[in-house]
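**Q** with the sequence up front, the predicted model follows.
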Amino acid sequence: EDQVTQSPEALRLQEGESSSLNCSYTVSGLRGLFWYRQDPGKGPEFLFTLYSAGEEKEKERLKATLTKKESFLHITAPKPEDSATYLCAGEGGSNYKLTFGKGTLLTVNP
Amino acid sequence: SAVISQKPSRDICQRGTSLTIQCQVDSQVTMMFWYRQQPGQSLTLIATANQGSEATYESGFVIDKFPISRPNLTFSTLTVSNMSPEDSSIYLCSVAGTGNYGYTFGSGTRLTIV
């Protein structure tokens, strides 16, 4: 059974304090590893797709990396507006199914 | 990337009743996906809806409880039938993106059963 595990469940940072979120995955026939941001009361907002081990993608203060077993979302010098739940999902199988982790709730204090 | 309009955004329903959630996409898409997000849990795929064919349900979800319609390439509905408090959740529709835009999600329907 496909499985995606995110850690930590919650992370509280001071503004400017860099850190990383972890996503460990076991997804059969992985085609892509997705990162999303979800704000309260809203649907997930797409951030990145990673397709192969060693790949990295950046967007503003966020950088996502991928290995054969896990992915990291690095947050550099975060700001309060980066506060959100960050979701990781693996796409695999024949039906384009996304398997999501439970997410990491990030709070950035000013 | 596609823009999805989902409604209602929230509702409070009596147990035993049914509610239909609508999802409208601003472009034609082959597959539409319906997810459930229970409190403290991960998003879980309910079913995949292709136009002109029966929806494909994931393990643990059945058509009698979650009937889906897909009348055309831009619209789908999910009905939550004979609701109980355990059905209180957020329901989201999604479509595959183009290029590097991943999957796009609607804003969700927050459903509370009393």
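**A** That came through, no problem. Residues are numbered from 1 along each chain as shown, chains lettered A, B, ... in the order given.

**Q** which pLDDT value goes with the residue of chain B found nearest chain A?
**A** Scanning chain B for the residue nearest chain A gives residue B:105, at 3.6 Å (criterion: Cβ to the nearest Cβ). Glycine gets a C-beta too; all of them are placed from N, C-alpha and C. Here the pLDDT value assigned to residue B:105 is 95.

**Q** ok, now residue B:112?
**A** Confidence score, pLDDT, at residue B:112: 97.

**Q** for it, helix, strand, or coil?
**A** strand (DSSP: H, G, I helix; E, B strand; the rest coil).

**Q** ok, now which ones touch it?
**A** B:10, B:11, B:12, B:13, B:88 (Cβ atoms under 8 Å, 6 or more residues apart in numbering or on different chains).

**Q** surely the first one is in contact with residue B:107?
**A** No: with contacts defined as Cβ atoms under 8 Å, residue B:10 does not count as touching residue B:107, sitting 10.2 Å away.

**Q** of the two, who's got more company?
**A** Set side by side, residue B:10 and residue B:107 show more neighbours around residue B:107, with 17 against 12, by other Cβ atoms under 10 Å in any protein chain shown.

**Q** and the nearest residue to the more buried one once chain neighbours are set aside, how many neighbours?
**A** Closest residue to residue B:107 apart from its sequence neighbours, by Cβ to Cβ, 6 or more residues apart in numbering or on different chains: residue A:43 at 4.8 Å. When neighbours are defined as other Cβ under 10 Å, residue A:43 has 21 of them.

**Q** hang on, isn't residue A:43 packed against residue B:103?
**A** No: the criterion here is Cβ under 8 Å, and residue A:43 misses it with residue B:103 at 10.3 Å.

**Q** which parts of chain A sit against chain B?
**A** Counting by Cβ under 8 Å from any Cβ of the partner chain, chain A comes close to chain B at A:4, A:32, A:34, A:36, A:41-46, A:48-49, A:87, A:89, A:95-103.

**Q** how about stretch B:26-35, does it reach chain A?
**A** Yes: using Cβ under 8 Å from any Cβ, stretch B:26-35 reaches chain A at B:31, B:33.

**Q** and that stretch, which residues are buried?
**A** Residues of stretch B:26-35 classed as buried: B:29, B:31, B:32, B:33, B:34, B:35 (neighbour count, 16 or more other Cβ atoms under 10 Å in any protein chain shown).

**Q** can I get these in TSV with pLDDT and secondary structure?
**A** Listed next are the buried residues of stretch B:26-35 as TSV, based on pLDDT from 0 to 100; DSSP: H, G, I helix; E, B strand; the rest coil:
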residue	pLDDT	secondary structure
B:29	92	coil
B:31	90	strand
B:32	94	strand
B:33	95	strand
B:34	97	strand
B:35	97	strand
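
**Q** residue B:70: which of the residues you listed is nearest?
**A** Closest approach to residue B:70 among these (Cβ to Cβ): residue B:32, at 6.6 Å.
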